[in-house]
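1. take a look and give me a structure for this.
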Amino acid sequence: MSREGRFTNLTSTNTTIPAKQTSYSTYRLRQNLISTRILQGLLIAMIVCALVTLLTIDLRNILPKNPCSIAAQTSLVAGSQMMRDLPVEAQWLSDKEFEKLFEGGRYRMGWSGEGAEERFGIDADARPRLQEESGWRRWLWR
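-> From the prediction side, this is the model:
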């Protein structure tokens, strides 16, 4: 080997290389067997509950009509108090004027009315407001 650390002769007889050997112990995460079995039991219980729910609930008649068509969307507001309160020529209002008509009101989707006039749709919310709407209640009633 020359001064620069390069091999000058490729057929060198010195084949030992000075080196150090270090051994690092490998760390592995081990979980307690009891907590593992508890988690597995909870997952199995969730799967069983989901399967029982899927097999026993009739999902065919959840919505009264398909909400994807324009006719079904229109029927959700047809006959509502919200539409009765609109001015006669509301279709000629500008966007800002139209938005002011509904500003500050509360609206909900669901069953409303009583007896023979019960209907499913979107209407003004006639329920009394809670005095202190805060936290999750504020988002629940909107």
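2. please enumerate the strands of this protein.
-> Using DSSP state E, the strands assigned to the chain run over residues 107-112, 119-124.
3. and those strands, which is most packed in?
-> Among those, ranked by average contacts under mean count of other Cβ atoms under 10 Å, first place goes to strand 119-124 (a mean of 18). Heads up, the C-betas are built off the backbone N, CA and C, glycines and all.
4. for that one, packing partners?
-> Applying 3 or more Cβ pairs under 8 Å, 6 or more residues apart in numbering; DSSP states H and E, one finds that strand 119-124 contacts helix 70-77, helix 81-84, strand 107-112.
5. quick one: closest of the ones you listed to Ile17.
-> Between Ile17 and these, the tightest spacing by Cβ to Cβ is seen for strand 107-112, at 78.4 Å.
6. possible to save the strands of the chain as JSON lines with distance to Thr74?
-> Shown next, in JSON lines, are those (distance: least, Cβ to Cβ, whole Å):
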{"stretch": "strand 107-112", "distance to Thr74": "14"}
{"stretch": "strand 119-124", "distance to Thr74": "10"}
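7. of all those strands, which one is nearest Thr26?
-> Of all the strands of the chain, strand 107-112 comes closest under Cβ to Cβ, at 58.0 Å.
8. can you list the strands that that closest one pairs with?
-> Sheet pairing of strand 107-112 (DSSP bridges) gives strand 119-124 (antiparallel).
9. what's next to the strand it pairs with, contact-wise?
-> In this structure, residues lying in contact with strand 119-124 by Cβ atoms under 8 Å, 6 or more residues apart in numbering are 64, 75-82, 85, 105-113.
10. again, 10 Å this time
-> 63-65, 73-85, 102, 105-113 (Cβ atoms under 10 Å, 6 or more residues apart in numbering).
11. are any of the residues you listed buried, and which?
-> Taking 16 or more other Cβ atoms under 10 Å as the criterion, what is buried in the contacts of strand 119-124 is 75-76, 80, 82, 112.
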